[in-house]
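[1] Need a 3D model of the sequence below.
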Amino acid sequence: MTIGGTAARRPVSLWWLLSMGFVTASAGALCVAMLWWQAAQSDSWAALFTGVGLLGTGLLWLILGSIGLLVYRRVLVSLIAPALVAGSLGLLYGNVAGKIGWRLSEGALADAAAECARTNETRRIGVYQVVQVYPSHGGCAFVVREAKTFTTGLAFAYYPSGAPPEEPRSAYVTSYTYAPLDGPWYRVEIHEPFD
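    Alright, predicted model coming up:
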């Protein structure tokens, strides 16, 4: 129907508005969870479940967004959720959350490295949940994620004399890959032997 040469917009139903609000809030919460996972270098399984949740939310948005665009002609409300996801993906791709997590944790890790008390107790240092601390090559290593079957472990290490030489990956010995962060700090990937 047209009024004065322009098509009249259909009034928005309450169920669509509430459903779209739920989908948008869910997408926003899942995006924050993904950014937190990257900042805290948490378990890979958490990221997998969050990604699956985002896919499910995306499917709901596809249905509701199509209704909003085609039936109610509500462009702005229909595009909030994909804008949140696209922005979060850009931040994830640029490792922005990971860099912020490192900056927030560097001071606390430096304090812990000065003492470097060996422990297998899980504790939070900065934003990282550290599962193991031990002296390593004249420095100190903080294991954030242990290497398990099909997953790579992760540690942050303080090596004032530089990182130890890398050893080639082997089917029989745990190997380590070092990437410099700031000064004497390194990000260490832990690779378990192949089965």
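
[2] Would you mind checking the average pLDDT for the helix or strand encompassing Ala141?
    Secondary structure from DSSP states H and E places Ala141 in strand 139-145. What strand 139-145 shows for mean pLDDT is 93.

[3] again, but for stretch 153-169
    For stretch 153-169, the mean pLDDT works out to 84.

[4] what's the answer for stretch 13-30, then?
    Stretch 13-30 comes out with an average pLDDT of 94.

[5] how about the helices in this structure?
    14-40, 44-67, 75-93, 96-115 (DSSP state H).

[6] Keeping just the C-alphas, turn the last one into PDB.
    What follows is the C-alpha trace of helix 96-115 in PDB, where atoms were taken according to Å, rounded to 0.1, in the frame of the first residue of the first chain:
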ATOM      1  CA  VAL A  96      43.700  -6.600  19.500                       C
ATOM      2  CA  ALA A  97      42.300  -8.500  22.500                       C
ATOM      3  CA  GLY A  98      45.500 -10.600  22.800                       C
ATOM      4  CA  LYS A  99      47.700  -7.600  22.800                       C
ATOM      5  CA  ILE A 100      45.500  -5.900  25.400                       C
ATOM      6  CA  GLY A 101      45.600  -9.100  27.500                       C
ATOM      7  CA  TRP A 102      49.400  -9.100  27.300                       C
ATOM      8  CA  ARG A 103      49.700  -5.400  28.300                       C
ATOM      9  CA  LEU A 104      47.300  -5.900  31.300                       C
ATOM     10  CA  SER A 105      49.300  -9.000  32.500                       C
ATOM     11  CA  GLU A 106      52.900  -8.000  31.800                       C
ATOM     12  CA  GLY A 107      53.500  -6.300  35.100                       C
ATOM     13  CA  ALA A 108      51.900  -9.100  37.200                       C
ATOM     14  CA  LEU A 109      54.000 -11.700  35.300                       C
ATOM     15  CA  ALA A 110      57.200  -9.700  35.800                       C
ATOM     16  CA  ASP A 111      56.500  -9.600  39.600                       C
ATOM     17  CA  ALA A 112      55.900 -13.400  39.500                       C
ATOM     18  CA  ALA A 113      59.000 -14.000  37.400                       C
ATOM     19  CA  ALA A 114      61.200 -12.200  40.000                       C
ATOM     20  CA  GLU A 115      60.200 -14.900  42.500                       C
END
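
[7] Centre of the chain to that helix, how far?
    Centroid separation for helix 96-115 versus its chain: 16 Å, with CA atoms, centre = their mean, to the nearest Å.
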